[in-house]
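Student: can't give you the sequence, but here's the structure:
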């Protein structure tokens, strides 16, 4: 019988702080992007790599981070993740060129991919003995995510407006060092024997990066250009190689048998399309506020606070109650439709628009859609998983959300560029490009709603099918990360 850790609630504070910081890392850079663009020489199309370098590496290596946590001990991997995050933050803050900035963001992504799954493992170790405590701990840990997003929007504006954009990265250094000092509160676990599917991790991350690179370059090089076609073929080959590796190695990152879990496939597709619609909206709304409405960094961050506060309130206080009453499927499909409606509204932005008319109401509608869909999609992906595969299911759904974010941003940046978003200083052209991106994101969200409605099983039918997920994994596959 395991001993209850008397310092578990203090340890939860460390883990929640880590979740807060990992999510903040995706939002704090938003309002700093125009200043970074001026100082480092990013083109309008290349600017997205400040975001994508993080999410591609983070999403591509999440499963590997979970596997390393399992083999070497969650506390060791958690600490290694923070060391990596601090190194990446220093590199990004000190960057004098676009290439170094992107490299720093990629290193931060590696750190995040080590921190996130090891933090979840540690949380389960601390509270898994008591379902009531586990529910409370999960709620507090989950609330740290929207809180981090909200704080990132605000702090990014404060640092950029009154200090300088490198401070959005410098802030991670003292926090990272303090977190490393606090890891003594976390439970230690002995390492165990096993293999690491490094080739699989390299294949999936390289495939995703090459796909995004091809889409980003396509408007300039041409969609039919030899280079574009070869890059896309290379991405498909690498991703296909990843699935071949998962089928053949003894201890894969993603045992293919996991896809027998009810609703895992449909929920992950919903998460992919949710990320592909939501993140481009957030990205282009930042640019519209600063490059068209001429908002400063702080004003831009403050303008996004109502949206992020609504997200935090709904996700932590309301969505769970709605799930208990209606189930996951109606909320996912309905949330995606509401998000699509908000995006269509945003696509009507004007070069002479105002925050109160063009931004605030539409962004609140979009945020409501995101808040309705995100947690139900996450829960639907995990609800049918047996205990030994819950961590793997969680890693997969986080991966697909980040992959969707990166690919959606790349595709919609390409669309916006072709419609005029690359013409800095030409407000009508910029607005046309941003409007096209919002409308494209609306189409993605609406498609997600339709696919969810048609493909996802209801909660009742999924529960009836859930025992099938307990079937033994096929030979050559393992249950769990």
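Tutor: Happy to help now that I have it. These figures come from a predicted structure and were not determined experimentally.
Student: Wait, residue 59 touches residue 407, no?
Tutor: No. The criterion here is Cβ atoms under 8 Å, and residue 59 misses it with residue 407 at 10.1 Å. Glycine gets a C-beta too; all of them are placed from N, C-alpha and C.
Student: what about those two, which has more around it?
Tutor: residue 59 (26 against 21; other Cβ atoms under 10 Å).
Student: if we can go back for a sec, now the common contact residues for residue 59 and residue 407.
Tutor: Common contact partners of residue 59 and residue 407 (Cβ atoms under 8 Å, 6 or more residues apart in numbering): residue 208.
Student: Could you list the domains of this structure?
Tutor: Domains of the chain are assigned by automatic domain parsing as 9-194, 197-250, 259-471.
Student: These into CSV, with extra columns for mean pLDDT?
Tutor: Output for these, formatted as CSV (pLDDT from 0 to 100):
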stretch, mean pLDDT
domain 9-194, 82
domain 197-250, 85
domain 259-471, 82
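Student: So which elements touch whichever strand or helix holds residue 333?
Tutor: Per DSSP states H and E, residue 333 falls inside helix 328-346. Secondary-structure packing of helix 328-346 (3 or more Cβ pairs under 8 Å, 6 or more residues apart in numbering; DSSP states H and E): helix 264-287, helix 319-326, helix 360-383, helix 427-455.
Student: so what secondary structure elements neighbour the shortest one?
Tutor: When you say that, I think you mean helix 319-326. Counting by 3+ Cβ pairs under 8 Å, 6+ apart, helix 319-326 packs on helix 328-346, helix 360-383.
Student: Would you reformat those helices as CSV and include mean neighbour count?
Tutor: What follows is those, written out as CSV (neighbours: other Cβ atoms under 10 Å):
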stretch, mean neighbour count
helix 328-346, 24
helix 360-383, 24
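Student: mind checking which of these is nearest residue 182?
Tutor: Ranking those by proximity to residue 182 (Cβ to Cβ) places helix 360-383 first, at 27.1 Å.
Student: Format the helices and strands packed on helix 319-326 as CSV; extra columns: distance to residue 73.
Tutor: Supplementary listing: the helices and strands packed on helix 319-326 in CSV, determined by distance: least, Cβ to Cβ, whole Å:
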stretch, distance to residue 73
helix 328-346, 34
helix 360-383, 24
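Student: Identify the residues contacting the spatially most central residue of the chain.
Tutor: Nearest to the mean C-alpha position of the chain, counting by Cα atoms, centre = their mean, stands residue 402 at 4.0 Å. Applying Cβ under 8 Å, 6+ apart, we find residue 402 in contact with 55, 56, 58, 59, 62, 275.
Student: In helices, which of these appear?
Tutor: 55, 56, 58, 59, 62, 275 (DSSP state H).
Student: Deepest in the core, which of the helices and strands packed on helix 328-346 is it.
Tutor: Compared across the helices and strands packed on helix 328-346, helix 264-287 shows the largest average neighbour count, a mean of 26 (mean count of other Cβ atoms under 10 Å).
Student: so how far is that helix off the chain centroid?
Tutor: On the basis of Cα atoms, centre = their mean, to the nearest Å, helix 264-287 sits 9 Å off its chain's mean C-alpha point.
Student: and the direction of that helix versus that of helix 328-346, what angle?
Tutor: Angle between the axes of helix 264-287 and helix 328-346 is 20 degrees (criterion: axes from the mean of the first three to the mean of the last three Cα atoms, to 10 degrees).
Student: what's downstream of helix 264-287, the next helix or strand?
Tutor: Downstream of helix 264-287, the first helix or strand assigned by DSSP H and E is helix 297-313.
Student: Which strands and helices lie in contact with that next one?
Tutor: When contacts are defined as 3+ Cβ pairs under 8 Å, 6+ apart, helix 297-313 packs onto helix 131-162, helix 264-287, helix 360-383.
Student: could these be laid out in CSV, adding distance to residue 113?
Tutor: Output for the helices and strands packed on helix 297-313, formatted as CSV (distance: least, Cβ to Cβ, whole Å):
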stretch, distance to residue 113
helix 131-162, 16
helix 264-287, 16
helix 360-383, 18
